[in-house]
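Asker: A predicted structure for the sequence below; I have some questions about it.
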Protein chains: 2
Amino acid sequence: MSTLPKGFRGDMPNGFNPASVESLDSKTREHIERRSRLLGPAYRLFYAQPLRIARGAGVYLYDDAGDEYLDAYNNVVSVGHAHPRVTAAISRQLDTLCTHTRYMQDGILRYAEKLLATFEGEIGAGHTMFTCTGSEANDLAMRIARHHTGNEGVIVTSEAYHGNSGVTSSFSPSLGKRSALGPMVRTVPPPDSYRIVPEHIGRWMADNVAQQIEDIKRHGGGLAAFIVDSLFSSDGLYSHPVDVLKPVAEVVRSAGGLFIADEVQCGFGRSGTHMWGHRRHGVDPDIVTLGKPMGNGYPVAGVVVRSDVVASFGRDMRYFNTFGGNSVAIAAAEATLNVIQDEGLMANATRVGKIILDGLTSIAAKYEQIGDVRGTGLYFGVELVKDRKTKASDIDTGLAIVNRLRQRRVLISATGADANVLKIRPPLVFTEADADRLLTEIEASFASL
Amino acid sequence: MSTLPKGFRGDMPNGFNPASVESLDSKTREHIERRSRLLGPAYRLFYAQPLRIARGAGVYLYDDAGDEYLDAYNNVVSVGHAHPRVTAAISRQLDTLCTHTRYMQDGILRYAEKLLATFEGEIGAGHTMFTCTGSEANDLAMRIARHHTGNEGVIVTSEAYHGNSGVTSSFSPSLGKRSALGPMVRTVPPPDSYRIVPEHIGRWMADNVAQQIEDIKRHGGGLAAFIVDSLFSSDGLYSHPVDVLKPVAEVVRSAGGLFIADEVQCGFGRSGTHMWGHRRHGVDPDIVTLGKPMGNGYPVAGVVVRSDVVASFGRDMRYFNTFGGNSVAIAAAEATLNVIQDEGLMANATRVGKIILDGLTSIAAKYEQIGDVRGTGLYFGVELVKDRKTKASDIDTGLAIVNRLRQRRVLISATGADANVLKIRPPLVFTEADADRLLTEIEASFASL
C-alpha cells in the first residue's frame, strides 16, 4: 500500500495511488474499480487505504461497518456534521420555496445584511454577491477585478489554490506543473516563517510582489489583483507573523491592482481570533471571497466587494447564477452563521485550539522529525523534516503519520509544496475531549514510527 | 413602469428597469432599494413590476400576499416546486451524511450508473463528473476539450449562453456586447427556421461552421469545440428541424474539434420525446453537460464524457469540486431522476406539450403579431413580429405580453436576440388543466393589447 509516488505533484498530498489497488481487500478494490469506470481518471481518493464513509454526526464520521472516526480534517462542516439547526433550516426551506434571485425574497437581504455586518472598514459598506462554490467566487472576483482595472495580471503564492474553473486554475499553481498558469500570472514564495527571519517577512514579501509587478509590466501587462489566502493553507499553513500582508497590500495598491482576500479556507471564524483571516493582518481588501464552510456543506459561496470596485462591472454586465443565493442556499448560510455566533464557536476555536497547539508543541519537543508547529484557532500545520538543521522536507514521515492516524481512526491530511506538513483542521465544535483524543493518537503515531 | 430600454442588450430580456422604480408601490420600492444597496448593481429582477415570492408547490408560486401564480417558466424545478420525494430524499441525506468525493460512497456510483444508462452510443460507456452548476460543467467541459485537442478555438451560436464563469462567459455572446468574447471564439447564426428554408438549414449551418473554423485557422488557432444547446434556447428557441446538427458535427470532427452538447436547458426530458436534446438530432457528442433541473433546485450539475476524450486530462490534472457530487447533491439528483422516470414526466411533457402547441397555433391564427410558434415537449417559443411579411421583430409586444401575463398571474419570459420570442417552459408536471389556464390567459393577454 502506498500513497502517490514522490514528485508526482500534478497529483495531491495524501492521494490514494491507484497503482496499489491490489493490496486492498476485495470489497474496496471492487468499489475503486467501479468508481474508476464510472467517474473516470480525474477523481482522487484520500489515504493509502481509502475510507468508505456512511454517516456523520458532530465531529465524527462512521464507515459502513459502523466504526467511528474522529474528523480533524473537514472544515466544510464547520459547525459539525449534520448539525440539527442547519439541517432543519434547510429542510424547512425546501418544503417552502427554492427559487432564484430574479424574484424578490426577504431572506437573501436579511442574510446579506447580517453577513456584511461582520466586515470592518469600507468593504462592510459594500455589496455581497452569491455563487455556489469558492471556485465560482474567485472566478467572479477576478472577472470583476479585471474589468475594474482593465488589466490581466495576477500574483499568487507559489503553491496557492484558488479554484477548479478555467480562470481560477490558471492562477492555482498547486494544481501541478501540468496545469498551465496564465500568461500574465506570476507567483511569489509564501511567507515561510520556519525558514525566513520573521522580522523581515512582510517587507521581503512586498519586495517579491513588487518584482513580479515589474515583470508583468515588462511583458506589456498590468496588475489586476493579488489574491491570497491569509493562512497560506496550500503553501504549508503560515499562520504567523501577522504583519506580512499590509506592506504587500500597499505595493499592490500603488501599482493600481486590487487586493483580494480569499477567505474560503480561513474565513467564518476558523482562525479563532477573527471572523475573517485578512483582519489578522489588518488589511482592508477590495474584494473578499467566501466558500467552503458558508452553508456547512450546502453549495453556497460568495463575493463581498467594495461598491466602487463593482460599479463598472455592474453597469456593463449582468450576473446571474441559477442556484447562487437561491432560497435554500440562503437558509443554510443563515443557519450556519447563526450557529457560529450563538454557540460561540470562535471562542471555542481559540480555547480548544490553544490546547491542541500546546499539545503539538509538547509532542514536537519529543520527536526530532517535527521541525515546526504552526497554527491559529482550529487550523494547524506540523512540518516534518529529515534534519532540524537543514530543514529538508520529510515527505515519507508526513504521509506515514497521516496514514497511521487514519488506521487509528483519526482523520487529518497533508499540505505544502512537498506534502510534508500535517494539515489539521477539525470542525469548530471540537471539544477538549476531542483535542485530547487527537493529541493522544498523534503522539502514538509518532511513537510507532 | 417599463422593462429595460430597447437596445440595452448588455442587460436581459424581461429585466426590470431600475430607472422606473418610482412607479412602484412603496413596499416594493423599499425592497428594491435595499436590495440594490446590499447586492449591488449586477443583479437583475424579472418583470416591469417585480414579484415577491414566498412559497412554491407543484406548478404554483405564491407571493407574500398569498396570491397564486401559474409557473410556466421555471425549468429548474422540473418535477415541480417542493416535490415531496425530492425534499424528503435531501432531508434524509442531510441528517445522515453530507461529504465529498474523496471518501468512497455508494450513492454516487449508483447514480452515475443510472445516469450513464440514459445515454446512447459511445458516451454512455464513458464517465460522469460532478460540478455544482451548469456554468461549472461547461467550464470543465471546455478545459477537457482544450486539453484533449491542444486547441483554443470555440464556435457557438450568435446568442448562445453557456455560463457565467470567466471562461464560459467568453463564449456566451448573449451576455451582451460589453462582455468580451475570447480571441479564438467565433459565432455562427442559429438555425432560424422561421427565416431560413428548412430543407437547407443543416447544410447551411455546417457551411457557416466550416467558414469559422477556417477563420480560426487563419488566425493561427485550431478548433477545440463546437458547443451548442440543441434547442437554441437563448437564440430564440429553434426546436425544428432536427436534421441540423449532424452535418455540423461532421464538419467539427473532421477539423479535429469536439462536439459538446450543452443539455443544461434541453436535457432531462424537457423535449418530451428524448431524455437528451442532442438525440433529437441523432448526434453522438464527445462531451455532454448537465445542469439546471438535475437536482430540482439543489445545486448539482455535471459532465458526461467519452473515456478517450478525458484520458489525458485525467492523467495530467486532478479534478476536485468540494460540493460537486457531495452526498446530498447525489441524493437530490437521484430522487429527481427517479421522479422523472416513475411519474412518466417525458410522456406527460409530450401529451400536455401537444395541447399547448396546438393551442398556441390556434391563437397565432387570430393575432397578426404572432409570426411563428415553435416547440417540443414543454418548451415553446412564440415569435412576435411587426409584420408577417418583413418578419421584423416586435420587442414591445413581446414584453407587453410577458408583463400582462404576470399581471394575470401567469409566469413566462422572453428570449432571442431581440427579446421578441415568448419563452414558455413550465415544470414537467404541468397538467391539461394548467395548459388550459395558460392558453386562456395568453389569449386574453393578446386580446387586451
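Answerer: Everything's here; your move.
Asker: which parts of the stretch 251-400 of chain A sit against chain B?
Answerer: When proximity is defined as Cβ under 8 Å from any Cβ of the partner chain, the stretch 251-400 of chain A approaches chain B at A:291-292, A:296-300, A:305, A:307, A:310-311, A:313-324, A:326, A:328-329. C-beta here means a position set from N, CA and C on the backbone, and glycine is covered the same way.
Asker: buried ones among these?
Answerer: When burial is judged by neighbour count using 16 or more other Cβ atoms under 10 Å in any protein chain shown, the buried members of these are A:291-292, A:296-300, A:305, A:310-311, A:313-314, A:316-324, A:326, A:328-329.
Asker: ranges for the helices of chain A?
Answerer: With DSSP state H applied, chain A shows helices at A:26-39, A:84-96, A:106-116, A:134-149, A:166-169, A:201-218, A:245-254, A:277-280, A:307-316, A:327-342, A:345-366, A:395-407, A:432-447, listed in chain order.
Asker: domain assignment for chain A?
Answerer: Segmentation of chain A into domains, based on automatic domain parsing, reads A:1-50, A:64-79+A:345-447, A:84-342.
Asker: got the ones you listed as TSV, with mean pLDDT columns?
Answerer: Rendered in TSV, the data for those read as follows (pLDDT from 0 to 100):
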stretch	mean pLDDT
domain A:1-50	82
domain A:64-79+A:345-447	97
domain A:84-342	97
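Asker: determine which stretch of those is the most buried.
Answerer: domain A:84-342 (a mean of 22; mean count of other Cβ atoms under 10 Å in any protein chain shown).
Asker: OK, contacts around the residue in the stretch 201-350 of chain A that chain B sits nearest to?
Answerer: Distances between the stretch 201-350 of chain A and chain B by Cβ to the nearest Cβ are smallest at A:G314, namely 2.6 Å. Under the criterion of Cβ atoms under 8 Å, 6 or more residues apart in numbering or on different chains, the contact partners of A:G314 comprise B:G40, B:P41, B:A42.
Asker: ok, A:R52 to chain B distance?
Answerer: Separation of A:R52 from chain B (Cβ to the nearest Cβ, to the nearest Å): 4 Å.
Asker: doesn't B:M104 make contact with that residue?
Answerer: Yes - using Cβ atoms under 8 Å as the test, A:R52 is close enough to B:M104 to be in contact (4.2 Å).
Asker: mutual contacts of those two, please.
Answerer: Between them, A:R52 and B:M104 have A:T28, A:H31 as joint contacts when contacts are counted by Cβ under 8 Å, 6+ apart.
Asker: which residue is nearest the centroid of chain A?
Answerer: The geometric centre of chain A, computed from its C-alpha atoms, lies nearest to A:Q265 (Cα atoms, centre = their mean), at 2.9 Å.
Asker: my guess is that residue meets A:S78, correct?
Answerer: No - in this structure A:Q265 lies outside contact range of A:S78 using Cβ under 8 Å: 10.8 Å.
Asker: what touches both of the two?
Answerer: Where contact means Cβ under 8 Å, 6+ apart, the residues bridging A:Q265 and A:S78 through contact with each are A:K292.
Asker: and the gap between the spatially closest residue to A:G291 that is not a sequence neighbour and A:I155?
Answerer: With Cβ to Cβ, 6 or more residues apart in numbering or on different chains as the criterion, A:G291 has its nearest non-adjacent residue at 2.6 Å, and that residue is A:G134. Here the distance between A:G134 and A:I155 works out to 19 Å (Cβ to Cβ, to the nearest Å).
Asker: same check, this time on A:G257
Answerer: 8 Å.
Asker: that older thread, give the contact list for the residue nearest to A:G291.
Answerer: Under the criterion of Cβ under 8 Å, 6+ apart, the neighbours of A:G134 are A:G163, A:D262, A:V264, A:T289, A:L290, A:G291, A:K292, A:A301, B:T322.
Asker: which one of those is nearest B:V248?
Answerer: Using Cβ to Cβ, A:G163 is the member of the contacts of A:G134 that sits closest to B:V248, with 32.3 Å.
Asker: from chain B, how far off is the residue lying farthest from the centre of chain A?
Answerer: No residue in chain A has its C-alpha farther from the mean C-alpha position than A:S26, which lies at 34.1 Å (Cα atoms, centre = their mean). When Cβ to the nearest Cβ is applied, the distance between A:S26 and chain B equals 14 Å.
Asker: which residues of the stretch 101-250 of chain A lie near chain B?
Answerer: Applying Cβ under 8 Å from any Cβ, one finds that the stretch 101-250 of chain A approaches chain B through A:101-106, A:108-109, A:112-113, A:116, A:126-129, A:132-136, A:139-140, A:142-143, A:164-167, A:169, A:175-176, A:178-179.
Asker: distance of the closest residue to A:L237 other than its chain neighbours relative to A:Y47?
Answerer: Among residues not flanking A:L237 along the chain, A:G381 sits closest, at 3.2 Å (Cβ to Cβ, 6+ apart). Taking Cβ to Cβ as the measure, A:G381 and A:Y47 are separated by 19 Å.
Asker: same thing with A:S445?
Answerer: Relative to A:Y47, A:S445 is positioned 14 Å away (Cβ to Cβ).
Asker: likewise for A:G222?
Answerer: For A:G222, the distance to A:Y47 - Cβ to Cβ - is 44 Å.
Asker: go on, A:I227?
Answerer: Look at A:I227 and A:Y47: by Cβ to Cβ, they are 30 Å apart.
Asker: quick one, what contacts A:G202?
Answerer: Each residue near A:G202 by Cβ under 8 Å, 6+ apart is listed here: A:P191, A:P241, A:D243, A:V244, A:L245, A:K246, A:P247, A:V248.
Asker: likewise A:F232?
Answerer: Residues in contact with A:F232 (Cβ under 8 Å, 6+ apart) are A:T157, A:P190, A:P191, A:Y238.
Asker: go again with 6 Å.
Answerer: Remark: with contacts taken as Cβ atoms under 6 Å, 6 or more residues apart in numbering or on different chains, A:F232 is in contact with A:P190, A:Y238.
Asker: and A:T118, by the same measure?
Answerer: Applying Cβ under 6 Å, 6+ apart, we find A:T118 in contact with A:M275.
Asker: again, only this time at 10 Å
Answerer: By Cβ atoms under 10 Å, 6 or more residues apart in numbering or on different chains, the contact list for A:T118 reads A:G124, A:G267, A:F268, A:G269, A:H274, A:M275, A:W276, A:R279, A:V304, A:L337, A:I340, A:Q341.
Asker: reformat those residues as CSV; add distance to A:R195.
Answerer: As requested, these are arranged in CSV below (distance: Cβ to Cβ, whole Å):
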residue, distance to A:R195
A:G124, 36
A:G267, 27
A:F268, 30
A:G269, 29
A:H274, 26
A:M275, 30
A:W276, 27
A:R279, 26
A:V304, 33
A:L337, 37
A:I340, 34
A:Q341, 38
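Asker: of these, closest to B:A57?
Answerer: Ranked by distance to B:A57 (Cβ to Cβ), the contacts of A:T118 are led by A:L337 at 28.0 Å.
Asker: which residues are in contact with that closest one?
Answerer: A:V79, A:Y111, A:K114, A:L115, A:T118, A:F268, A:G269, A:M275, A:P293, A:M294, A:G295, A:N296.
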